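[1] Build the 3D model from these lines:
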Amino acid sequence: MDFVQYKCPCCGAALSFSPETQKLSCNSCGNQYDPETLEKYEREGESSAEQDISWEHQKEAEEAERTGEGKYICPSCGAEIEADDNTASTTCPYCDNVVVIKKTTSGEYKPDMMIPFQIEGDRARQMFEDFCKGKRLLPKNFGNKSYLKNLKGYYVPYWLFDCRADADMSFDATRVRAWSDSEYDYVDTSYYLVNRAGCMEFYHVPVDGSIEMEDDTTESIEPFDYSGITEFNPAYLAGYETDKYNVDAKTAESRAKERLYNSAEQILRETVRGYNTVIPKRRSLSAERGRVHYALLPVWLFETAYNEKKYQFAINGQTGKMVGELPVDKAAFWKYLWGFTAIGTLFCSIAGILLFGGVL
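    A predicted model of the protein is given here:
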């Protein structure tokens with residue numbers, strides 16, 4: 001004969017069935033549970049595995065063969081330009097003409113769609129200058145405008161994921177009630193298993209397809225306004241640098257799936273109200289009509305290195321949202337720190353004189 005022992009979800013002690021209440025009772029903390037609810041609670045803990053999501057790929061990520069030793073002819077001045085396999089457009093170093101590399105903007109590398117730049121270069125530079133103003137801990141070379149030459153407009157390759165998803169999640173929740181009498185303070189904690197489910201439409205969940213771009217940076221400048229999306233047109237590349245993707249759609253799926261789960265959990269979590277604590281217990285997401293699109297999205301990017309550390313600053317080329325980390329001049333940092341310390345010491349000395357009538 002097999003015996004099943006249930007443990008209290010609150011304190012972990014063994015539960016016993018009470019014929020009087022027709023519930024499972026904990027002799028340790030005094031909580032009681034309906035058998036059906038507890039059994040469902042146990043099942044929820046066993047079925048916590050996430051489900052796979054299948055996607056319909058519009059393009060396969062295959063490597064293109066490199067011809068002519070990677071050199072291309074500038075249509076403006078006739079000079080030879082070197083470009084690697086990931087370059088979709090680049091600037092001629094001789095005449096500053098923007099050259100579009102056709103082999104990476106056609107066939108399987110031709111984007112499905114793109115959002116053209118809405119923020120011009122002069123405005124992006126002014127935005128960056130305004131952001132740097134008043135930051136006294138920046139290195140001295142940031143005091144002149146020569147560093148702004150490193151501010152470039154990029155069309156960043158993205159994978160956009162669409163799907164219709166059914167989300168089913170459960171949460172452990174508590175309600176706490178406290179009161180006191182003349183002798184004791186009391187705390188009563190009630191435990192709940194809360195279930196939420198819903199159908200959701202996800203439209204253009206973005207995952208950047210560039211190894212060089214940091215996910216934290218690209219996700220921080222979101223959202224893009226997809227009402228401004230248009231079919232791919234090489235003419236929009238003029239004046240900007242562009243790389244084709246080097247993270248294929250299959251590799252990007254894991255990040256897209258994670259973002260879908262997090263978004264669904266946040267949406268369902270917001271419907272669980274009236275509890276003191278809410279902790280996710282189980283989540284399940286099944287999707288259909290999953291589609292992936294290859295797109296180019298506009299980003300103004302500033303990259304610099306200081307003390308062998310790379311810094312990346314980005315501006316959404318459509319909305320103007322800015323994000324990034326700027327370097328700190330350590331000498332200036334210690335200078336200001338010692339200055340504030342000296343001011344604090346002087347202030348304390350003056351306060352001591354005023355309060356105690358002299359210096360001890």
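[2] distance of Ala124 from Phe313?
    Noted for Ala124: a distance of 11 Å to Phe313, by CB to CB, to the nearest Å. C-beta here means a position set from N, CA and C on the backbone, and glycine is covered the same way.
[3] Now do Ser220: how many residues are near it, please.
    The number of residues packed near Ser220 is 14, by other CB atoms under 10 Å.
[4] wait, what's in contact with Asp185?
    178-179 (CB atoms under 8 Å, 6 or more residues apart in numbering).
[5] which residues pair with it across the strands?
    For Asp185, the beta-bridge partners are Ser180 (DSSP bridges).
[6] residues of stretch 167-179 that come out buried?
    Within stretch 167-179, the residues that count as buried by 16 or more other CB atoms under 10 Å are 167-173.
[7] which stretches of the stretch 51-200 of the chain form helices?
    Ranges of helices in the stretch 51-200 of the chain, per DSSP state H, counting those that start in this stretch, are 121-132.
[8] Quick check: which ranges of it have low pLDDT?
    51-72, 74-78, 81-109, 134-137, 139-149 (pLDDT under 70).
[9] again, 50 this time
    Within the stretch 51-200 of the chain, the segments meeting pLDDT under 50 span 58-67, 104-106, 143.
[10] Now do the strands in it.
    Remark: strands assigned in the stretch 51-200 of the chain by DSSP state E, counting those that start in this stretch are 56-57, 71-73, 80-82, 87-91, 98-100, 113-114, 151-180, 185-208.
[11] Closest one of the buried residues of stretch 167-179 to Glu231?
    The closest of the buried residues of stretch 167-179 to Glu231 turns out to be Ala167 (CB to CB; 31.9 Å).
[12] what sits against the closest one?
    Contact partners of Ala167, counting by CB under 8 Å, 6+ apart, are 196-200, 264-265, 267-268, 283-285.
[13] Run through the bridge partners of it.
    Taking DSSP bridges as the rule, Ala167 bridges to Gly198, Leu285.
[14] sorry, back to before: pick the one among the contacts of Ala167 closest to Tyr184.
    Arg196 (37.0 Å).
[15] Surely the closest one touches Ala173?
    No: here Arg196 lies out of contact with Ala173, judged by CB atoms under 8 Å, at a distance of 10.9 Å.
[16] which residues are common contacts for these two?
    With CB under 8 Å, 6+ apart as the test, Arg196 and Ala173 both reach Val272.
[17] buried set for the helix or strand harbouring Arg283?
    Arg283 is part of strand 277-306 when elements are defined by DSSP states H and E. Going by neighbour count (16+ other CB under 10 Å), the buried part of strand 277-306 is 278, 281-285, 287, 290, 292-302, 304, 306.
[18] about what we covered before: can you tell which of the strands of the stretch 51-200 of the chain is closest to Tyr240?
    strand 151-180 (4.2 Å).
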